[in-house]
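A.B. asks: all I have is the shape, not the residue letters:
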């Protein structure tokens, strides 16, 4: 039997934008893996009337309702009360839940004495429910079935919601499903979403199982194939032919499947080949280096970088000839080449990336337009320069420029055309 779910996040702080609703992403991923379709996400403040309305809407279009938040000890924590009322359940004091909360409180606050009285309201659970023991906080969760709807309540703090979901809710939900959903994500760089979609529109409209959907990232595209079957292996088998077709269609534009980023692919390739990298950056201001060093294991392959934002630093730190800067300007192919050579010599790295361009909001002193960027890759016995014209605001231009640098590196390491 196929199930449909709605997630209801409870908390005024979510509506105010004070915190992000990361619980919804966590829960949705888990439900997808279980083969439960998530059709709606709802966020509602700490108001019993509006929460009641959200629950009544949800029960009319989903047979699984999962709430996050509103299970704490304060007066605005009202999720259990409203859910119990909506489904005709009494709240019953759970002695075991109370004892577990007391033990957790003593462990967390050994010098504070007895748990405050308002915490005990968390021990009231809907009659007949399956309690979800909370080993990561005080508020227990629970699950119950009423009127053909399964209702699960989880705490709001992500440090509690995540493990409660994995160790309490998922086992409960596993008994409801008769299949799984599996997916594979192809990551493309070098073609815009509209161009990708135009090539695939007819195919996407005709596909049923698996399905195919494009997602635009910053300067790249993700193609997600999703299939439903009785087992994960069977679902992946349904995906495999479509994945092969997409790989053949887009060729070297596909930089990986189920990989987190271009820089992660580059880091893996550098490690496999026992090669090192350095970077010389102007308009990106250190973004290349940051994206590499954000990854675990970067110290094994990344030698270092120079943010040569001014011509003076380009000359003194990287050895870019003054006459080259005077003749061509900082934003030029010859200067990009010289920057890559310079940082490679400075650090002793096997490969070096450089980037220089106009990130905006205004053109440079030579009239070069916003978005004009030159990237260079240097290695033993070779160099290559790529000119790009990026569009959008300053942060996007910088991000796209850095991604082009990693694409150059990826192609060189993989033996692909630059």
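C.D. replies: Looks like it arrived, so ask away. Computed from a prediction, not measured in an experiment: that's the story for all the values here.
A.B. asks: Provide the secondary structure category for the most centrally placed residue in the chain.
C.D. replies: In the chain, the centroid-proximal residue (Cα atoms, centre = their mean) is residue 260; its distance is 8.2 Å. With DSSP: H, G, I helix; E, B strand; the rest coil as the basis, residue 260 sits in coil.
A.B. asks: how much space between it and residue 25?
C.D. replies: As judged by Cβ to Cβ, to the nearest Å, residue 260 and residue 25 stand 15 Å apart. Backbone N, C-alpha and C define where each C-beta goes, glycine included.
A.B. asks: cool, and residue 377?
C.D. replies: From residue 377 to residue 25 the distance is 35 Å (Cβ to Cβ).
A.B. asks: for residue 161, same thing?
C.D. replies: In terms of Cβ to Cβ, residue 161 sits 11 Å off from residue 25.
A.B. asks: quick one: which of these two has more around it?
C.D. replies: Legend: neighbour count by other Cβ atoms under 10 Å for residue 161 and residue 25, higher for residue 161 (24 against 13).
A.B. asks: now residue 300: how far from residue 179?
C.D. replies: Applying Cβ to Cβ to residue 300 and residue 179 gives a distance of 42 Å.
A.B. asks: give me the low-pLDDT residue ranges for the stretch 1-150 of the chain?
C.D. replies: 1, 112-113 (pLDDT under 70).
A.B. asks: quick one: the strands in it, in order.
C.D. replies: If DSSP state E, counting those that start in this stretch is used as the criterion, the strands of the stretch 1-150 of the chain fall at 4-10, 37-44, 64-68, 91-93, 124-126, 130-132, 141-146, 149-154.
A.B. asks: so which of those is the most packed in?
C.D. replies: The highest mean neighbour count among the strands of the stretch 1-150 of the chain, using mean count of other Cβ atoms under 10 Å, belongs to strand 64-68: a mean of 28.
A.B. asks: tell me how many other residues crowd residue 204.
C.D. replies: 14.
A.B. asks: whoops, I mixed them up, residue 14
C.D. replies: 21.
A.B. asks: test my guess that it contacts residue 46.
C.D. replies: No. With contact defined as Cβ atoms under 8 Å, residue 14 and residue 46 do not form a contacting pair (9.9 Å).
A.B. asks: show me where the stretch 1-150 of the chain has helices.
C.D. replies: 12-15, 22-34, 48-59, 79-86, 95-108 (DSSP state H, counting those that start in this stretch).
A.B. asks: so what pLDDT did the closest residue to residue 365 other than its chain neighbours get?
C.D. replies: Among residues not flanking residue 365 along the chain, residue 329 sits closest, at 7.9 Å (Cβ to Cβ, 6 or more residues apart in numbering). Model confidence at residue 329, given as pLDDT, is 97.
A.B. asks: report the longest helix in the protein, please.
C.D. replies: Of all the segments of type helix in the chain, defined by DSSP state H, the longest one is helix 394-414.
A.B. asks: pretty sure the residue nearest to residue 365 is touching residue 364, no?
C.D. replies: Yes. Assessed by Cβ under 8 Å, residue 329 is found in contact with residue 364 at 7.4 Å.
A.B. asks: between residue 300 and residue 179, who's got more neighbours?
C.D. replies: residue 179 (17 against 11).
A.B. asks: would JSON lines of the strands of the stretch 1-150 of the chain with distance to residue 224 be doable?
C.D. replies: Shown next, in JSON lines, are the strands of the stretch 1-150 of the chain (distance: least, Cβ to Cβ, whole Å):
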{"stretch": "strand 4-10", "distance to residue 224": "19"}
{"stretch": "strand 37-44", "distance to residue 224": "15"}
{"stretch": "strand 64-68", "distance to residue 224": "22"}
{"stretch": "strand 91-93", "distance to residue 224": "42"}
{"stretch": "strand 124-126", "distance to residue 224": "37"}
{"stretch": "strand 130-132", "distance to residue 224": "31"}
{"stretch": "strand 141-146", "distance to residue 224": "29"}
{"stretch": "strand 149-154", "distance to residue 224": "26"}
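A.B. asks: quick one: closest of the ones you listed to residue 412.
C.D. replies: strand 37-44 (41.0 Å; Cβ to Cβ).
A.B. asks: how far off centre is the closest one?
C.D. replies: 19 Å (Cα atoms, centre = their mean, to the nearest Å).
A.B. asks: and the contacts of that strand?
C.D. replies: For strand 37-44, the surrounding residues in contact (Cβ atoms under 8 Å, 6 or more residues apart in numbering) are 2-11, 14-15, 21, 24, 27-28, 31-32, 50-51, 54, 57-58, 61-62.
A.B. asks: so what's residue 315 closest to, chain neighbours aside?
C.D. replies: Closest to residue 315 by Cβ to Cβ, 6+ apart is residue 322, at 5.7 Å.
A.B. asks: residue 307 too?
C.D. replies: residue 286 (4.8 Å).
A.B. asks: does that neighbour touch residue 305 like I think?
C.D. replies: Yes. Taking contacts as Cβ under 8 Å, residue 286 lies within contact range of residue 305: 6.7 Å.
A.B. asks: for residue 345, phi and psi?
C.D. replies: phi -70, psi -40 (degrees, to the nearest 10).
A.B. asks: so who does it touch?
C.D. replies: Residue 345 touches residue 319, counting by Cβ under 8 Å, 6+ apart.
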